[in-house]
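Asker: Pasting the sequence and the predicted model now:
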Amino acid sequence: MQTIGIIGAGAIGSAFAKAIANKGIRAVIANSRGPESLKELVRELGPSIKAGTKEEAAAQDIVLVAVNWSKLPRALAGLPDFKGRIVIDANNPIEAPLFKPAELHGRLSTEVFSDMVPGARVVKAFNHLQAELLAQDPSSDGGKRILFYSGDHDQSKAVVNGLIDQLGFFGIDLGPVSIGGKLAQFPGGSLPALNLVKMG
Ligand SMILES: NC(=O)c1ccc[n+]([C@@H]2O[C@H](COP(=O)([O-])OP(=O)(O)OC[C@H]3O[C@@H](n4cnc5c(N)ncnc54)[C@H](OP(=O)(O)O)[C@@H]3O)[C@@H](O)[C@H]2O)c1
């Protein structure tokens, strides 16, 4: 089974970790303050989730990054080349307390993000729902909660779709970043915050 690294242990990182833990999938989760500060969180999440450094998280088979937009450069600086591994971009280019959209110079946020993770096959996913919904049982509304994903590498998208499926969600492929990244980007896209459920 593939191991997961999670960089960012806040609202989205810990909601994703909870979904992973519910299925007994192994993961290493990291924040800026070091593994000691995550002791309580990993105790609550259960035995499949370990606290680690961001370097340890970045070394796992699949890495999800969920860090405040302005802190991404620092969080990802100095990590080794990802050498073709999948990195999931769960980030949105806006943050509290001002909720002012970040300056992207006409690019999509996942394009900007991809420049920060050299050698990675980036898939945008787990970014369109509020953390509270991501942390809930994906079947709690009577069907399977929908998650969107997009990316430029079909095999990597298939792996992420497999993970989404394993977690009990229903994945929808939005195509390449140029199309799907735009639809799922917050702010600007039409899909963020839609809590959709696939019935039947
Ligand atoms: N909240 C939502 O509902 C939601 C929904 C969709 C997408 N998103 C996106 O997900 C991302 C994370 O949002 P969030 O709400 O989870 O933020 P958050 O609760 O503030 O958590 C941010 C996490 O990033 C970590 N971090 C910051 N700098 C770091 C560094 N240099 N190295 C390692 N980790 C670092 C923080 O660690 P420390 O606490 O140790 O500093 C914290 O664990 C953002 O891009 C946001 O737009 C959020």
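Answerer: Looks like it came in fine. Numbering: from 1, shown residues only.
Asker: Sort out which residues of stretch 75-90 are buried, please.
Answerer: For stretch 75-90, a neighbour-count test (16 or more other Cβ atoms under 10 Å) marks 75-76, 79, 82, 85-90 as buried. Glycine gets a C-beta too; all of them are placed from N, C-alpha and C.
Asker: I figured I49 hits V42, correct?
Answerer: Yes. At 5.1 Å, I49 and V42 qualify as touching, with contact defined as Cβ atoms under 8 Å.
Asker: Show me which of the two is the more surrounded one.
Answerer: Between I49 and V42, counted using other Cβ atoms under 10 Å, the more crowded position is I49 (26 against 22).
Asker: Against G34, how distant is that one?
Answerer: Going from I49 to G34 by Cβ to Cβ, to the nearest Å gives 16 Å.
Asker: residue ranges for the helices of this structure, please.
Answerer: 11-22, 39-45, 54-58, 72-76, 109-114, 131-135, 154-166, 182-183 (DSSP state H).
Asker: Tell me which residues touch the residue of the chain found nearest the ligand, please.
Answerer: At 1.8 Å from the ligand, G10 is the closest residue in the chain, using Cβ to the nearest ligand atom. Listed by Cβ atoms under 8 Å, 6 or more residues apart in numbering, the contact set of G10 reads 31, 66-68.
Asker: can I get these in CSV with pLDDT, distance to S156 and neighbour count?
Answerer: Shown next, in CSV, are the contacts of G10 (pLDDT from 0 to 100; distance: Cβ to Cβ, whole Å; neighbours: other Cβ atoms under 10 Å):
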residue, pLDDT, distance to S156, neighbour count
N31, 98, 25, 23
A66, 98, 18, 28
V67, 98, 20, 24
N68, 98, 25, 15
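Asker: Columns distance to the ligand on top of those residues, output as TSV?
Answerer: Below are the contacts of G10 laid out as TSV (distance: Cβ to the nearest ligand atom, whole Å):
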residue	distance to the ligand
N31	3
A66	4
V67	4
N68	5
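Asker: Quick check: of these, which lies closest to A58?
Answerer: Proximity of the contacts of G10 to A58 (Cβ to Cβ) peaks at V67, which lies at 12.0 Å.
Asker: got a list of what the closest one touches?
Answerer: V67 is in contact with 7-8, 10, 75-76, 91, counting by Cβ under 8 Å, 6+ apart.
Asker: Next, give me the two most distant ones among those.
Answerer: The farthest-apart pair in the contacts of V67, when distances are taken by Cβ to Cβ, is G10 and L76, at 15.6 Å.
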